[in-house]
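[1] need the 3D shape of this:
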Amino acid sequence: MDNKDVVKTESTNYGMQNINLDQALIPTSPYYLHPRENPGLALVSTNLNDSNYSSWSRNMQRALLSKNKLKFVNGSIKTPLPNDPTYKAWERCNVMILSWIMSVLSPDIAESVLYIDYAKDLWEELKERFSQGDYFHISDLLQEIHSIKQGERTITQYFTELKKLWEELDFLRPLPTCTCGKPYECDLTKVFLKQRDVEHSICFLKGLNDCYNNVKTQVLLMDPLPSINKVFSLIIQQERKYNGTRTLSGAENKVLLNTAEKTNYKA
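    This is a model prediction of the structure:
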């Protein structure tokens, strides 16, 4: 290799280093770290313990995504070789993410993963350890969802409680994905979403207090069944107007149901 080749190689390497250094300085790059970000930053408000992995994991993923760092734990960004120009930027991000995760673990759990050096390995370790009981958790959620009653709750409180359970179940049991190779032509996801929405509407109506018996019976006889949001809107109107103190008369039910049918038809 002559002097020209040496100069060309050095110039190329210098250019590559500058390109990758720039990536660490661009706010949209996953390698970028804001000056205010520090290892002690708590990305979520709840520490991981033996019983809250699903909700903790969901919140942590959202937090990492907001920081543009989820790719470091889900495998999208591979660990570069030490001589790779991106290695130093990757190393800084990896240590920062490790610190963020460690800061929101219970003391016992943090102690047990203290010597894991890679954020991806730590994430997978926690998932393997604490998601093994998902089927038991799914069973408990299904039982709670189908047995929950409104009771002393307002309609909004009752709906919110149900929605939290539904979302947790969806996280543990996501919708099946299409494998036909034509995702833009396949209606599988739409069909499952519709079925799930129907289940939510039925579950919500079933748990209402007896003062809503007339209107919920009429809603269940509607075809197609309104979406869960429309059902909630209908019931909340009734609660606001009558404050849940008495059963509606047939004429009052008819007015409410006619309104719901018109809304459902327009949708």
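[2] OK, contacts around Ile138?
    169, 172-173 (C-beta atoms under 8 Å, 6 or more residues apart in numbering). No exception for glycine: its C-beta is placed from N, CA and C like everyone else's.
[3] nearest to Ser57, of those?
    Using C-beta to C-beta, Leu172 is the member of those that lies nearest Ser57, at 10.1 Å.
[4] hang on, the earlier thing: quick check, nearest of the contacts of Ile138 to Phe204?
    In terms of C-beta to C-beta, no member of these lies closer to Phe204 than Leu169, at 14.2 Å.
[5] burial of the spatially closest residue to that closest one that is not a sequence neighbour, as a residue count?
    Leaving aside its chain neighbours, Leu169 sits nearest to Leu141 (4.8 Å; criterion: C-beta to C-beta, 6 or more residues apart in numbering). Leu141 is flanked by 19 other residues according to other C-beta atoms under 10 Å.
[6] assign Leu141 to helix, strand or coil.
    Under DSSP: H, G, I helix; E, B strand; the rest coil, Leu141 falls in the helix class.
[7] wait, it touches Phe171, no?
    No. With contact defined as C-beta atoms under 8 Å, Leu141 does not reach Phe171; the gap is 10.1 Å.
[8] one step back: so what's the residue nearest to Leu169 up against?
    165, 168-169, 172 are the contacts of Leu141 under C-beta under 8 Å, 6+ apart.
[9] residue contacts, the residue nearest in space to the middle of the chain?
    In the chain, the C-alpha nearest the mean C-alpha coordinate belongs to Arg58, at 4.9 Å (C-alpha atoms, centre = their mean). Applying C-beta under 8 Å, 6+ apart to Arg58 gives the contacts Phe171.
[10] make sure it is indeed in a strand.
    No. Under three-state DSSP, Arg58 falls outside any strand and is assigned helix.
[11] how far away is it from Phe171?
    5 Å (C-beta to C-beta, to the nearest Å).
[12] what does Ser51 give?
    From Ser51 to Phe171 the distance is 15 Å (C-beta to C-beta).
[13] residue ranges in the stretch 101-250 of the chain under the pLDDT threshold?
    132-134, 181-185, 243-250 (pLDDT under 70).
[14] mind running it again at 80?
    131-135, 174-187, 189, 241-250 (pLDDT under 80).
[15] helices of that one, residue ranges please.
    107-112, 119-130, 134-147, 155-172, 188-206, 213-220, 228-242, 250-266 (DSSP state H, counting those that start in this stretch).
[16] give me the contacts around the shortest one.
    Going back to what we said before, that points to helix 107-112. Contacts of helix 107-112 (C-beta under 8 Å, 6+ apart): 48-49, 102, 126.
[17] could you chop this protein up by domain?
    3-130, 134-266 (automatic domain parsing).
[18] how far away is Thr154 from Asn74?
    39 Å.
[19] do the same with Ser29
    Note on Ser29: its distance to Asn74, by C-beta to C-beta, is 17 Å.
[20] before we move on, what about Leu105?
    Leu105 is 19 Å from Asn74, by C-beta to C-beta.
[21] which of these two has more residues huddled nearby?
    Leu105 (19 against 13).
[22] for the more buried one, what are its contacts?
    Contacts of Leu105 (C-beta under 8 Å, 6+ apart): 47-48, 113, 126.
[23] name the nearest of the residues you listed relative to Leu205.
    Using C-beta to C-beta, these come closest to Leu205 at Leu48, 35.8 Å.
[24] burial measure for the closest one, as a count.
    So Leu48, with other C-beta under 10 Å, has 20 neighbours.
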